[in-house]
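*Asks:* Starting from these lines, generate the structure:
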Amino acid sequence: MKILTKTILFSTILAFHNAVLFGGKVVVSGDFKNAIGEQVYVFAYADFLSLKETSLAKTIIDQNGHFELTFDINTLQPIIVDIAFYRQFIYVEPFNTYHIQSEKFQVIQNGNPYIPESFIDAKVTSRSLSDSIFRQLEIHISQFLDTAGVKIYSQHRSDLVENFRQNIWKNLPENLTENYKNAIAFRLACLYPNAQLPDGYSSLNEIAIDYNNYEYFRWLEDYLQKQLFKENSLNVQSVITRNLMLALNKSDSFHSLQDTLSEILSVRNEAANELYTLVALKILYSTPMFSNTKIIADLQQIRDSSLIETHKLIAQNLLNKFTGLKPGSLLPDVVVKIYKGDSIRMREYCQKPLYIV
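*Replies:* Here you go, the predicted structure:
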């Protein structure tokens, strides 16, 4: 009996370990009786900085209005369910099943097929708490920001945000696992008017890089934006702005910007500084006084020289994001429906490549 108990315990630990390291399957099913025959896609983000969408699975809603999709994910994260260009975000985690349904959802004829028309706004049910917790968190945050308004910025100590943060923690389930707590802490830190570390940290050096945490990247971008623009960024008298301009616009290598960020943020970890450089390049792109051409060149250097595969991937995805819609670029390689109901491949029509002009 002891051997059996130990075996079960070991198997449980091993399954949890594998879920953390390698992720697992997720099942998303749905019932939409007013969308029979429509295509359903599930998208995730290729990385959490560029937010490049990648398709995980697709199917067609059957004659009963039902669909079911199975795919693998690595971590607790948001996914996008797309039905006929209508979208809904669902926060999912490995080894769980989610059901989405709406009695009212209906596809409007002759809509614009090139952009998501609206959110699906359907009911999501699951044994997992992931979607309900993060959906309610965003609702509470939205309501708080609507009511607090500019008062957040007029209080020196951000008392309103602090009280709101404490109330959120009080009303969360007590048995939340660490990955939930970390994600929520990063999300709440974004609400402060100034750059704010999440609960439990006293310096940026203490925060380990977490490539699999969507909320970590959401917070990191917010934190760096507030740090780099805490002075008047449109004023050349700004010390931070001047140093960033010299490091970015007047240098041939991304290492100059990386070293400058290291001084501004007081961080000495090489991998972290390279990641922060990628975040800064995203923030500074299309910002006055910073050269977009030089930002593109720096991203290309990181893509070609970085020793960290994830950084190379992020750099390439950011390059695609910034240059994909430039004149002379090929149209996105997707298939869309035109107003007559015919499907066309945007990148190639009548056997000829199509370019943006």
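*Asks:* Now for the residue nearest to the spatial centre of the chain: which residues touch it?
*Replies:* The structure's the chain has its C-alpha centroid closest to Phe48; by Cα atoms, centre = their mean the separation is 4.2 Å. Taking Cβ atoms under 8 Å, 6 or more residues apart in numbering, we find Phe48 in contact with Gln77, Tyr211, Asn213, Tyr214, Tyr216, Phe217, Arg218. Using the backbone N, CA and C atoms, a C-beta is placed for each residue, glycine as well.
*Asks:* Let me know the closest of these to Glu68.
*Replies:* For these, the closest approach to Glu68 (Cβ to Cβ) belongs to Gln77, at 20.1 Å.
*Asks:* quick one on the thing from earlier: looking at the contacts of Phe48, which is nearest Leu281?
*Replies:* The closest of those to Leu281 turns out to be Phe217 (Cβ to Cβ; 14.1 Å).
*Asks:* Sticking with that closest one, tell me its helix or strand.
*Replies:* Secondary-structure element containing Phe217, defined by DSSP states H and E: helix 214-228.
*Asks:* again with Ile80
*Replies:* Ile80 is located in strand 77-83, with elements delineated by DSSP H and E.
*Asks:* mind listing the helices in this protein by residue range?
*Replies:* Using DSSP state H, the helices found in the chain span residues 2-22, 130-148, 151-154, 159-170, 178-189, 214-228, 239-249, 254-265, 270-284, 292-305, 309-323.
*Asks:* picking that back up, tell me the angle of the helix holding Phe217 relative to helix 178-189?
*Replies:* Using axes from the mean of the first three to the mean of the last three Cα atoms, to 10 degrees, one finds that helix 214-228 and helix 178-189 are set 30 degrees apart in direction.
*Asks:* CA atoms only: put helix 214-228 into PDB for me.
*Replies:* Backbone C-alpha positions of helix 214-228 (Å, rounded to 0.1, in the frame of the first residue of the first chain) are rendered in PDB as follows:
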ATOM      1  CA  TYR A 214       2.200  37.000 -20.300                       C
ATOM      2  CA  GLU A 215       1.500  39.500 -17.400                       C
ATOM      3  CA  TYR A 216       5.300  39.700 -16.700                       C
ATOM      4  CA  PHE A 217       5.900  41.100 -20.200                       C
ATOM      5  CA  ARG A 218       2.800  43.300 -19.900                       C
ATOM      6  CA  TRP A 219       4.200  44.800 -16.700                       C
ATOM      7  CA  LEU A 220       7.800  45.000 -18.100                       C
ATOM      8  CA  GLU A 221       6.800  47.100 -21.000                       C
ATOM      9  CA  ASP A 222       4.700  49.400 -18.700                       C
ATOM     10  CA  TYR A 223       7.600  49.600 -16.200                       C
ATOM     11  CA  LEU A 224      10.200  50.600 -18.800                       C
ATOM     12  CA  GLN A 225       7.900  53.100 -20.500                       C
ATOM     13  CA  LYS A 226       7.300  54.900 -17.300                       C
ATOM     14  CA  GLN A 227      11.000  54.800 -16.300                       C
ATOM     15  CA  LEU A 228      12.200  56.000 -19.700                       C
END
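*Asks:* Save the helices of the chain as TSV, and put in mean pLDDT, distance to Phe67 and mean neighbour count too.
*Replies:* Shown next, in TSV, are these (pLDDT from 0 to 100; distance: least, Cβ to Cβ, whole Å; neighbours: other Cβ atoms under 10 Å):
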stretch	mean pLDDT	distance to Phe67	mean neighbour count
helix 2-22	38	25	10
helix 130-148	96	18	15
helix 151-154	81	42	12
helix 159-170	94	34	15
helix 178-189	97	28	20
helix 214-228	97	25	21
helix 239-249	93	47	17
helix 254-265	97	45	19
helix 270-284	98	35	21
helix 292-305	97	37	17
helix 309-323	97	29	19
